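Trainee: Here you go, sequence then predicted model.
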Amino acid sequence: MIETSLVELIDRATAECAEQQRADLHGRLRQIRTRVLDPTHLVLVVGEPQQGKSALVNAIVNAPVCPEGDGGSGAVPTLVRHADEPSALLVEHEPAHGPAALERVPVPVEEVREQVRQAVDAGRPVTRGEVGIPRAVLQGGLALMDTPGVGGVSTSLTATTLAVVAEADALLMVSDATQELTTNELAFLKQVTALCPNVALVQPKIDRTPHWRQVMEVNRKHLTGAGVSAKIFPVSSAVRMRAMQARSTDLNAESGFPPLLEYLKSEMAGKHEQLTRRLVAHNVSEALNQITTDLRAELAAQNPRTAAQTLVELETAQRRAEDLKRISNRWQKTLNDGISELFTDIEFDFRERTWAVLHQVNEAFEEADPLEVWDEFNSWLADRLTDAISETYDWLEDRSARLAEQVADQLQRDHAHVLPELERIRQPDPLDDVPHPKLPKHSEFPRFDQVLTGLRGSYGGVLMFGLITTLAGLPVMNVVSIAAGVLLGSKSLKEEKDMRLRRRQTETRSAAQRYVEQVVFQVNKDAKDTIRGVHRALHAHFNQLTEHAQQEISLTIQEIKRTAERSAVDRDQRAREIKQKLEDLNALRRRAQMLTQNRITAA
C-alpha cells in the first residue's frame with residue numbers, strides 16, 4: 001500500500017514535469033520510481049580516484065570482489081549483493097540493439113576482476129560487474145556498488161557515477177584520512193545530495209596517518225559549512241582484512257568497521273522504508289519547486305505592460321545580444337591566443353629540459369668511459385627523460401586549467417563562472433618507441449690488438465736505441481734498447497687507449513643526442529595533439545555556453561514581442577490557469593513533505 005502511494009505520487013509529479021516540458025526532471029523522477037519498485041537497498045560507494053573505495057567494499061564483505069588500483073576495471077561500477085553461492089556476471093549492452101538490450105555473461109567469481117579489466121581493455125560495452133556472495137551483512141537486501149572515480153579522472157567517469165546516483169537509496173562518500181575534504185569533493189557532495197540526500201562520509205586509511213582525528217573534525221566543519229548532513233566513519237580497510245584473517249575481535253574494533261557495519265544494518269537496511277520516503281520526498285519536492293519557480297516567473301510576465309516598458313525591455317534584451325556577440329569574439333580570441341602560446345611554451349619547455357640532460361651527458365663523458373658505465377648510463381638517461389616528460393606534462397595540465405579560467409573570465413559578466421571538466425592529460429611513453437642508443441661499433445680494445453700496438457711501438461724503440469748503442473760496441477739487443485722498447489711500447493699503447501676512449505666518448509655523446517632528439521620529436525608531436533584536444537574541448541564547452549545564452553536572449557525577445565501582442569483577456573486567462581496550477585502543485589508538494597512524517601495523504 002505504501003509502495004503504491006509512493007509510486008502514485010511520483011507519477012503525479014512526473015506528469016507535471018512532462019506538462020511543463022522539463023525532460024530533465026521527468027527523467028530523474030522516472031529513476032526514483034524504479035528505485036521504489038526495487039526491493040534492493042542500493043548503497044553507492046563514491047569518491048575521487050585512489051581514495052580506497054574498492055578496498056572499503058572488499059573489507060565490508062571480507063572478500064576481494066572489487067578491483068583495486070589503476071586498471072581499466074575502475075571505469076565501470078561493480079555491484080556486490082547477497083547470494084547463496086558465490087557467483088559473478090559481466091553486464092553488457094549492445095549499442096546496435098539499444099541500451100536496454102542487456103547481456104549477462106557469467107564468469108568465475110575468483111576471476112571477475114581480471115575479466116572486467118580485460119573486457120574494458122578490449123573495448124567491450126561493459127555496463128557493470130555483478131558479484132553475489134554469501135555474507136550476513138548483505139542478507140537483508142543490502143547491495144553495495146563500487147563506482148568509478150569522480151572529479152579526478154574524466155567527465156565520462158563522473159557522468160557514469162552521477163547516472164546511478166538518483167537510483168540509490170544511500171551513498172557512502174569515501175575520502176581518505178590523509179587530508180581534509182577538497183573543494184571538488186565538497187562540490188560533488190552538494191551535487192549528489194540534490195539527487196540522493198542519504199549520505200555518510202567514510203574516512204579510510206586511518207592506519208597511515210596519526211592526525212586522522214584532526215582531519216575528521218575539519219571535515220565535520222566543512223560539511224556543516226556546505227549544508228551537508230552526514231555521519232563520519234573513520235576506518236582502516238587494511239586493519240579490517242588482517243582482523244578477519246586473524247579472527248581478532250580487538251583488531252576488528254581497532255579498524256573502525258563495527259560502527260560502519262551497524263550503520264549499514266540499522267540505518268540503511270533497517271530503515272529502508274524511511275530512507276525511501278526521504279528520497280522520494282526530497283526529489284519530488286525539488287522537482288515541484290523548480291516547476292513552481294518557472295510558473296511564478298511566467299505569472300509575473302502576465303501583468304499588463306505599457307508601451308514604454310515593453311520598448312525598454314526589448315532594447316535591454318537587444319543590448320544583451322550585442323554584448324554577448326562582443327564577448328563571444330573576445331573569449332574566442334583569448335582561447336586562440338592562449339593555445340598558440342601553449343604550443344610554443346610547451347615545445348620550448350621540453351626542449352630546455354632535454355638540453356639540461358644533454359649538458360649533463362656531455363659533462364659525464366668528458367671523464368667517464370662508456371664501456372664501464374653503459375648500463376648505468378642508459379638507466380639514468382631513461383629516468384631523466386621520463387622526469388622531464390612528467391614535469392612538462394604537469395605544467396601543460398596547469399596551463400590548460402589556467403587558460404580555461406582566463407576564457408571563463410570573459411563570460412563571467414553574463415552568467416555564472418562555469419569551468420569545463422577537462423579530462424586528465426595522459427602522459428606519453430615514447431621511450432619504448434624510440435630505438436635505444438647503442439655502444440659505438442668496435443669500441444672494445446681486444447687483448448691481441450693491444451699486444452700488436454705495444455709491439456709496434458716497442459719495435460721502433462729497440463731498433464733506434466740498438467743502432468745507437470752499437471756505436472759503443474754493444475749488440476743491437478741490449479739492456480738499454482730493450483728498456484727503450486718497453487717504454488715506447490707502453491707509451492704507444494696508452495696513446496692508442498686514450499684515442500679510442502675519446503672516440504667512444506664522442507660517439508656516445510652523438511648517439512645520446514640523436515636519441516634525445518628523437519624523444520623530443522615524439523613528445524612534441526604528442527603534446528601538439530594533446531593541446532589540440534584541449535582546444536577542441538574548451539571551444540566546445542564555451543561555445544555551448546554562448547549558444548545557450550544566445551538562445552535565452554532570443555527566447556526573451558520573442559516572449560516580449562508575444563506579450564506585447566497578447567490581448568488583456570488572454571493574459572488574464574493565462575494568469576488564472578497558472579494560479580490554479582500553482583495551487584495544485586502546492587497540494588502535491590505538501591503530500592511529498594508529509595512522507596518524512598510517515599504520513600501519506602490520499603490523492
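Mentor: All right, it came through fine. Nothing here was measured: the structure is a model prediction, and the numbers come from that model.
Trainee: for stretch 508-521, which positions count as buried?
Mentor: 508-509, 511-512, 515-516, 518-520 (16 or more other Cβ atoms under 10 Å). Yep, even glycine has a C-beta here, placed from its N, CA and C like the rest.
Trainee: One more: stretch 216-224?
Mentor: Counting neighbours by 16+ other Cβ under 10 Å, the buried set in stretch 216-224 is 216, 219, 222-223.
Trainee: and which of those is nearest Gln203?
Mentor: Top of the list for closeness to Gln203, among the buried residues of stretch 216-224 and by Cβ to Cβ, is Met216 at 6.1 Å.
Trainee: That closest one and Pro234 touch, don't they?
Mentor: Yes - between Met216 and Pro234 a contact is recorded at 5.7 Å, counting by Cβ atoms under 8 Å.
Trainee: any residues touching stretch 245-253, and which ones?
Mentor: 239-240, 242-244, 258 (Cβ atoms under 8 Å, 6 or more residues apart in numbering).
Trainee: Give me the buried entries from the residues you listed.
Mentor: By 16+ other Cβ under 10 Å, those give 239-240, 242-244 as buried.
Trainee: Those residues in helices, which ones?
Mentor: Secondary structure assignment by DSSP state H places 239-240, 242-244 of the buried ones among the contacts of stretch 245-253 in helices.
Trainee: from these, which single one is nearest Asp169?
Mentor: Distances from Asp169 to those, taken by Cβ to Cβ, are shortest for Arg240, at 23.4 Å.
Trainee: ok, the closest one - contacts?
Mentor: Contacts of Arg240 (Cβ under 8 Å, 6+ apart): 59, 62, 252, 255, 257.
Trainee: Lowest-confidence member of the residues you listed, which is it?
Mentor: Ranked by pLDDT, the contacts of Arg240 bottom out at Asn62, which scores 85.
Trainee: That one: neighbouring residues, count only.
Mentor: Applying other Cβ atoms under 10 Å, we find 16 other residues in the vicinity of Asn62.
Trainee: isn't Leu422 right up against Val534?
Mentor: Yes - counting by Cβ under 8 Å, Val534 is a contact partner of Leu422 at 6.8 Å.
Trainee: Show me what the helix or strand hosting Gln115 is packed up against.
Mentor: Counting by DSSP states H and E, the element that carries Gln115 is helix 112-121. Packing partners of helix 112-121 (3 or more Cβ pairs under 8 Å, 6 or more residues apart in numbering; DSSP states H and E): strand 87-93, strand 126-133.
Trainee: Could you list the residues in contact with the last one?
Mentor: Put plainly, it is strand 126-133. Under Cβ under 8 Å, 6+ apart, the answer for strand 126-133 is 61, 63, 65-66, 73, 76-83, 85-93, 102, 104, 109, 112, 115-116, 119-120, 145.
Trainee: Please check these and keep the buried ones.
Mentor: 61, 63, 65-66, 73, 76-83, 87-92, 109, 112, 115-116, 119-120, 145.
Trainee: Let me know the distance separating Gln51 from Arg124.
Mentor: According to Cβ to Cβ, to the nearest Å, Gln51 stands 27 Å off from Arg124.
Trainee: Those two: which is more packed in?
Mentor: Gln51 (24 against 13).
Trainee: Let's verify the more buried one: helix, strand, or coil?
Mentor: Secondary structure, DSSP: H, G, I helix; E, B strand; the rest coil: Gln51 is coil.
Trainee: Looks like it contacts Pro204 (just checking).
Mentor: Yes - assessed by Cβ under 8 Å, Gln51 is found in contact with Pro204 at 7.2 Å.
Trainee: Next, show the common contact partners of those two.
Mentor: 174, 176.
Trainee: So what's the residue count around Trp380?
Mentor: 15.
Trainee: Likewise for His436?
Mentor: Under the criterion other Cβ under 10 Å, the count of neighbours that His436 has is 11.
Trainee: thinking it is in contact with Tyr515, fair?
Mentor: Yes - counting by Cβ under 8 Å, His436 touches Tyr515, with 6.9 Å between them.
Trainee: and Glu559, how many residues sit next to it?
Mentor: For Glu559, using other Cβ under 10 Å, the count is 14.
Trainee: Using the three-state scheme, assign it.
Mentor: Under three-state DSSP, Glu559 comes out as helix.
Trainee: any idea how far it is from Gln290?
Mentor: Counting by Cβ to Cβ, the gap from Glu559 to Gln290 is 19 Å.
Trainee: Repeat that for Leu422.
Mentor: Distance from Leu422 to Gln290, by Cβ to Cβ: 29 Å.
Trainee: I figured Met145 was touching Thr40, is that so?
Mentor: No - using Cβ under 8 Å as the test, Met145 is too far from Thr40 to be in contact (10.1 Å).
Trainee: Enumerate the strands of the stretch 301-450 of the chain by residue range, in sequence order.
Mentor: Applying DSSP state E, counting those that start in this stretch to the stretch 301-450 of the chain gives no strands.
Trainee: could you point out where it is predicted with low confidence?
Mentor: For the stretch 301-450 of the chain, the stretches with pLDDT under 70 are 301-311, 412-418, 440-450.
Trainee: helices and strands of the chain: which one has the lowest mean pLDDT?
Mentor: helix 155-165 (a mean of 53; mean pLDDT, DSSP states H and E).
Trainee: need the next SSE after it, C-terminal direction.
Mentor: strand 170-174.
Trainee: And that next one, what does it pack against?
Mentor: strand 41-46, helix 53-61, helix 183-193, strand 199-203.
Trainee: which helices and strands sit right next to the helix or strand following the shortest one?
Mentor: If you walk from strand 199-203 toward the C-terminus, the next helix or strand you reach (DSSP H and E) is helix 212-226. When contacts are defined as 3+ Cβ pairs under 8 Å, 6+ apart, helix 212-226 sits against helix 183-193, strand 199-203, strand 230-234.
Trainee: average pLDDT for helix 212-226?
Mentor: 89.
Trainee: what does stretch 32-45 give?
Mentor: 77.
Trainee: In that stretch, which residues are buried?
Mentor: 32-33, 35-36, 41-45.
Trainee: which two of the residues you listed lie the greatest distance from each other?
Mentor: Maximum distance among these (Cβ to Cβ): 23.7 Å, for Arg33 and Val45.
Trainee: Counting neighbours, what do you get for Val137?
Mentor: Val137 has 15 nearby residues by other Cβ under 10 Å.
Trainee: what's the answer for Thr316, then?
Mentor: Neighbours of Thr316 using other Cβ under 10 Å come to 13.
Trainee: and if you look at Val235?
Mentor: By other Cβ under 10 Å, neighbour count at Val235 equals 29.
Trainee: That one contacts Gln203, doesn't it?
Mentor: Yes - under the criterion of Cβ under 8 Å, Val235 is in contact with Gln203, at a separation of 6.9 Å.
Trainee: Quick one: the helices in the stretch 501-603 of the chain, in order.
Mentor: For the stretch 501-603 of the chain, applying DSSP state H, counting those that start in this stretch gives helices covering 568-594.
Trainee: which stretches of it have low pLDDT?
Mentor: Those would be 501, 563-571, 596-603, if you go by pLDDT under 70 across the stretch 501-603 of the chain.
Trainee: Now Gly338: closest residue in space that isn't a chain neighbour?
Mentor: Leu403 (4.2 Å; Cβ to Cβ, 6 or more residues apart in numbering).
Trainee: Give me the neighbour count for that neighbour.
Mentor: 22.
Trainee: dump the residue contacts of it.
Mentor: Contacts of Leu403 (Cβ under 8 Å, 6+ apart): 335, 338-339, 342, 534, 538.
Trainee: Pull out the buried residues from those residues.
Mentor: 335, 338-339, 342, 534, 538.
Trainee: okay if I get the helices and strands packed on strand 170-174 as a markdown table plus distance to Leu299?
Mentor: Conversion of these to a markdown table gives the following (distance: least, Cβ to Cβ, whole Å):
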| stretch | distance to Leu299 |
| --- | --- |
| strand 41-46 | 39 |
| helix 53-61 | 46 |
| helix 183-193 | 30 |
| strand 199-203 | 35 |
